Every structure is written in C-alpha cells, then in structure tokens.
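# following is a predicted model, sequence given first.
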Amino acid sequence: MRNEKRRFFAAILIIGDEILSGRTQDANTCFLAKWLNERGIQLKEVRIIPDQLRTIINNVNILRKKYDYVFTTGGIGPTHDDITALAISKVFKKRYEYNKEALKILETHYKNSYLNDARKKMAKMPRGAGLIYNPSSSAPGFYLKNVFVLPGVPVILQSMMHSIEQLIKGGQKVFSETVTGKMPESKIGEQFGKLQKKFKDLSLGSYPFFQAGKIGVALVIRGYSKKRILQCKKVLQNLVKKIEKS
C-alpha cells in the first residue's frame, strides 16, 4: 500500500559483535535500502551496535521515535548472546515469553525430538508481537508497532521480506539518474556545486572510480520529481561534455 502524498523514512539497526569485529560482513543494508526505496520508504540512518542489552534498548528507543520504521538485524538466534528479542521486550515494557504460534512452528519443523531448550529460545519474544514468517529455516522474526526484528543471515532475511510487505505503508518514491564523466572528481567539483544550488529540491552526489586504468566520476541525481531529475540530468550531461572536450 502506498500513500503518494506522504514521505516515509526508516532506519536499520545492525546488532552483532561479529559485524563490529570484522569477522562477518554486513550484506543486509544494501538489500534493505533497495527494497525500501522500491516501496517509497527512504532509508535515513544505519547503526551498528554490539550485543549489549542496554545499548540495544537505547538505540531502538531513539530510532523508533525518530522514524516511521525501524528494522533490526541479528540477535534472534538460539545462543546465549542472542538478546535482541529480550531487549525489544524491555523497550516496549512487555513480558518476554514463548509465543505459542512460534513454538508450534518450531515443534513442527524440528519434530519435537530435536527441539532443545536453545532452539525453543527462538520462540521467545515480547507478548503481543506479530510474527514475521520464515520460509527458509522456520524460526520466525517478529514486529511490534513500527519495529521489525529480523535475523542477520542475509538469505533468511531476504526470504522473510514478503511477509513484511503486507505490514507497511510506502510513500513517495525516490528516483535517481546517473551521469558518468571521464575525468577526476575535482575537475567538475565547482560546477557541480553550483548545479546543486540551482536544483535545491534535488540531492546531488559525486562518486569517483578507477576502472580499466582510467579515472572517472559517477554523478548521481536523486529526488522525488522525475521531471526535475531529467531537467537536471540534461544540464549535467552538457556540462560533462564541455569539460571532457576542454
């Protein structure tokens, strides 16, 4: 569902010591940013924090009041350091307990005999939370108000997004266009800055690259109006051609 007259904003809270230590690379931010943008929700902030109860509580409280949606990743597995569900319970002052439906899902998946206490822990969450169904490994995520709690494993997280689609509202979509220049970023920097002042309703960014032994720059235009973006793109293309010839 989309409300074209309203703009929606989101934040991602990545939870895990393994991300901060460099042992595990975060692959979820790029996927979620694209997924959200396609639905008219602009990602405004990403934070990476350790598996510390008070840190999780503080950050979730800040972000849920600041943005329309908050997506947490990591910390809902079966081990002792997976404390995200407990932290969310404390955020909303809800009892941390077994969700009956989640427990049934795990019992069916593990056929009871393999459902030990560690795996049962994955069914514990705040009272009143809604489930985010997991077609990959069965253990569900959950949501409470505007906070969506997801696993850290990218393949599993991606498989669960279909369930979330029915739970959120999107707004105005952010469009973008890119113009590539065969030049150093510094050569167009001053003119690019002037162009930003002319198109104040758009967001312009420059991203240098080095490819096949040559220096170049990708000039990206973002905004809510496709018409304005194309107007800016035309001016920028002419500017790039002029500089490349000089």
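The structure has been received and is ready for your questions. Numbers count the residues shown, from 1 in each chain.

# just checking, Ala33 touches Leu43?
Yes: Ala33 is within contact range of Leu43, at 4.6 Å (criterion: CB atoms under 8 Å). From N, CA and C alone the C-beta is placed, and that goes for glycine too.

# any shared contact partners between these two?
Counting by CB atoms under 8 Å, 6 or more residues apart in numbering, the contacts common to Ala33 and Leu43 are Ile12.

# helices or strands next to the helix ranked longest in the chain in the packing?
Longest helix of the chain, by residue count under DSSP state H: helix 226-245. Applying 3 or more CB pairs under 8 Å, 6 or more residues apart in numbering; DSSP states H and E, one finds that helix 226-245 contacts strand 175-181, helix 185-198, strand 214-223.

# nearest to Arg95, out of those?
Across those, Arg95 has its closest neighbour in strand 214-223 (43.3 Å, CB to CB).

# who touches the longest helix of the chain?
Helix 226-245 is contacted from outside by 175-177, 179-183, 187-188, 191-192, 195, 198-199, 201-202, 204, 219, 221-223, using CB under 8 Å, 6+ apart.

# what are the buried residues along that helix?
In terms of neighbour count (16 or more other CB atoms under 10 Å), helix 226-245 has its buried residues at Ile229, Cys232, Lys233, Leu236, Leu239, Val240.

# out of the residues you listed, which comes closest to Ala212?
Here the nearest of those to Ala212, counting by CB to CB, is Val240; it sits at 18.6 Å.

# please report how far the closest one lies from Pro208.
14 Å (CB to CB, to the nearest Å).

# what of Ala139?
Ala139 is 43 Å from Pro208, where distance means CB to CB.

# settle it for me: which of these two has more neighbours?
Of the pair Ala139 and Pro208, Ala139 is the one with more neighbours under other CB atoms under 10 Å, namely 20 against 13.

# now do the contacts for the residue most central in space within the chain.
A centroid search over the chain (CA atoms, centre = their mean) returns Leu32, at 3.8 Å, as the residue closest to the centre. The neighbourhood of Leu32, defined by CB under 8 Å, 6+ apart, consists of Ile12, Leu43, Phe71, Thr73.

# again, but for Ser136
Neighbour list for Ser136: Val155, Ile156, Ser159, Met160 [criterion: CB under 8 Å, 6+ apart].

# list just the nearest of those to Ala129.
For those, the minimum distance to Ala129 (CB to CB) is 14.4 Å, reached by Met160.

# which residues touch the helix or strand encompassing that closest one?
Secondary-structure element containing Met160, defined by DSSP states H and E: helix 154-165. Here helix 154-165 makes contact (CB under 8 Å, 6+ apart) with 27-28, 31, 35, 39, 73, 131-137, 141, 143, 148, 150-151.
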